[in-house]
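1. no sequence for this one, just the structure:
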C-alpha cells in the first residue's frame, strides 16, 4: 500500500515537473502550497495558477478520518470568478475534480466553491486563508453522495 502510494505520488510529481519544463510561459505562472482541515479529513496541496486559459490546477494528498477512513490523492481544476469585492482582498473560485481513495479503494468526483482572503493587510502578502464547501458523488466501489468542507492556509510563491 505504501509503496503504491509512493510510486503514484512520484509519477505525478515527475510528470508535473516535465510538463513545467516544456512550458515557455512557466515563469509567468505562480505556485502555491498549503494545508487544510475539515470534513472529511486533512490534506496538503500544491497548485499552479493559470495553467490553461485562466484555469488553476491543484494536486491534493490527504487522509479521510470519516467513513471510509484512508489515504487519498486527487486533482482539482479551479476557475476564479470575476466577482468585484471592492478593496477586500478576497478571491472567489469554483472547481472540482476526481480523487482516489487507496484503502479502501474508492473514486469520487466532486465540485466545490471557495474563497481565499489574502493576508497582505497584516504583513504577509504571500499568505492566504481559504474556506471551501462542495459536494459530489462516489462512483466506486458503490454509488453514494459525498460532501466536504474545509478551512486552510496557502503560501503563494
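-> Nice, thanks for sending it over. For clarity, every value in this text was computed on a predicted model and none was experimentally measured.
2. can you list the weak-confidence ranges in the chain?
-> Scanning the chain for pLDDT under 70 picks out 1-29, 67-68.
3. ok, longest strand in it?
-> Ranked by residue count and defined by DSSP state E, the top strand of the chain is strand 124-140.
4. Mind listing what's buried along that one?
-> 127, 128, 130, 132, 134, 136, 138 (16 or more other CB atoms under 10 Å). Every residue, glycine included, has its C-beta placed from N, CA and C.
5. what ranges do the helices span in the protein?
-> With DSSP state H, the ranges of helices along the chain come out as 2-21.
6. could you check the distance from the residue most central in space within the chain over to residue 69?
-> Centroid-nearest residue in the chain, with CA atoms, centre = their mean: residue 58, separated by 4.2 Å. From residue 58 across to residue 69, the span is 23 Å (CB to CB, to the nearest Å).
7. Residue 71: what's it in contact with?
-> Each residue near residue 71 by CB atoms under 8 Å, 6 or more residues apart in numbering is listed here: 5, 61, 62, 63, 101, 102, 103.
8. Next, work out how far apart residue 97 and residue 45 are.
-> The value you get for residue 97 to residue 45, if CB to CB is used, is 12 Å.
9. no no, residue 59
-> For residue 59, the distance to residue 45 - CB to CB - is 6 Å.
10. Next: residue 57.
-> Using CB to CB, one obtains 10 Å as the distance from residue 57 to residue 45.
11. Same check on residue 65?
-> Residue 65 is 17 Å from residue 45, by CB to CB.
12. quick one, which of those two is more surrounded?
-> residue 45 (19 against 12; other CB atoms under 10 Å).
13. So what sits opposite the closest residue in space to the more buried one that isn't next to it in sequence in the bridge?
-> Leaving aside its chain neighbours, residue 45 sits nearest to residue 60 (4.6 Å; criterion: CB to CB, 6 or more residues apart in numbering). With beta bridges defined as DSSP bridges, residue 60 has these partners: residue 45, residue 74.
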